[in-house]
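1. I would like to see how this sequence folds:
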Amino acid sequence: MRPEPKVPGPLREANPAAILGAQWVFEPTPRVQLVREGPSLERTILEFEQDKLGDWFARLDCGHIQHVRHEPPFTERAWAATEVSRSESIGRALDCIRCDRRELPGGYRRYKQTPVFTVETVPGALLRAHGTKAGIWGRIVVTAGQLEFVEQGEPSVDEIVRAGERTVTRPGLKHLVRPSPDVEFHVEFLAPAARRTRRDRQLEDHLRGRRAGPPRRHGGRWA
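-> Okay, the predicted model is just below:
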């Protein structure tokens, strides 16, 4: 019998479900992403729409869309076959493979960004288990040093993010970071492109040459 491969101690002992309840001290480890076997991450159906071919798809609360074709014996989705059954399925949980893969939904863009954090300035909330609002994705961008990112869920994640790299946080899942002493990073929040602030629109107008200058801030507001 072939012996089982040995797993480094820090990774073998890592249990995100338990780890997320504590604040860690950074310990450098290889860049490894743990994707544990288990059921797909379930998301809630918000509404149903049709594509150009007339096929129905579900829009999920994570921002992803998923076709819900009822084509027995290949796919059995009688609950999506009629208008009545689709209406009754609003709020139903549906496995989201794209969330499993940590893929950003199409049409999402950055709408807010934090300042650059160091090990001295990183908010304590980021070192403890926390999550983003429903439908909001996060993107952690490391510009110096490195940090460890841990995220609960199915599959769970435990990875090292180094300078010049980035990782994403999935909506509604508890996560935390463990920064190295020399780390510099910021967090971007992403939402559907329709979620634009007044400043976003003004900046876009400026970049397209519709304004004489960039938007300016007056009394706490963008003019």
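2. just for this protein, where's the confidence low?
-> 1-39, 195-223 (pLDDT under 70).
3. and the helices in it?
-> For the chain, the helices defined by DSSP state H occupy 9-12, 16-19, 83-88, 97-100, 124-127, 198-207.
4. tell me how many other residues surround P123.
-> With neighbours defined by other CB atoms under 10 Å, the count for P123 comes to 11. Just so you know, the C-beta spots here come from the backbone N, C-alpha and C atoms, and that holds for glycine as well.
5. actually, H130.
-> The number of residues packed around H130, counting by other CB under 10 Å, is 15.
6. G124 too?
-> Residues within reach of G124, counting by other CB under 10 Å, total 8.
7. what do you get for S87?
-> Around S87 there are 10 residues (other CB under 10 Å).
8. now do the strands in the protein.
-> Secondary structure of the chain by DSSP state E: the strands cover 42-50, 56-60, 65-67, 93-95, 108-113, 117-118, 137-144, 146-151, 157-162, 166-169, 175-179, 184-192, 217-218, 221-222.
9. so what strands line up beside the second one?
-> It stands for strand 56-60. strand 42-50 (antiparallel), strand 65-67 (antiparallel) (DSSP bridges).
10. how about the fourth one?
-> Each strand that strand 93-95 pairs with, and the sense of that pairing, follows from DSSP bridges: strand 42-50 (antiparallel).
11. residues in contact with the partner strand?
-> Outside strand 42-50, the residues that touch it by CB atoms under 8 Å, 6 or more residues apart in numbering are 56-62, 64-65, 68, 80, 86, 89-96, 99.
12. go with 7 Å
-> Residues from elsewhere that reach strand 42-50, judged by CB atoms under 7 Å, 6 or more residues apart in numbering: 56-62, 86, 89-96, 99.
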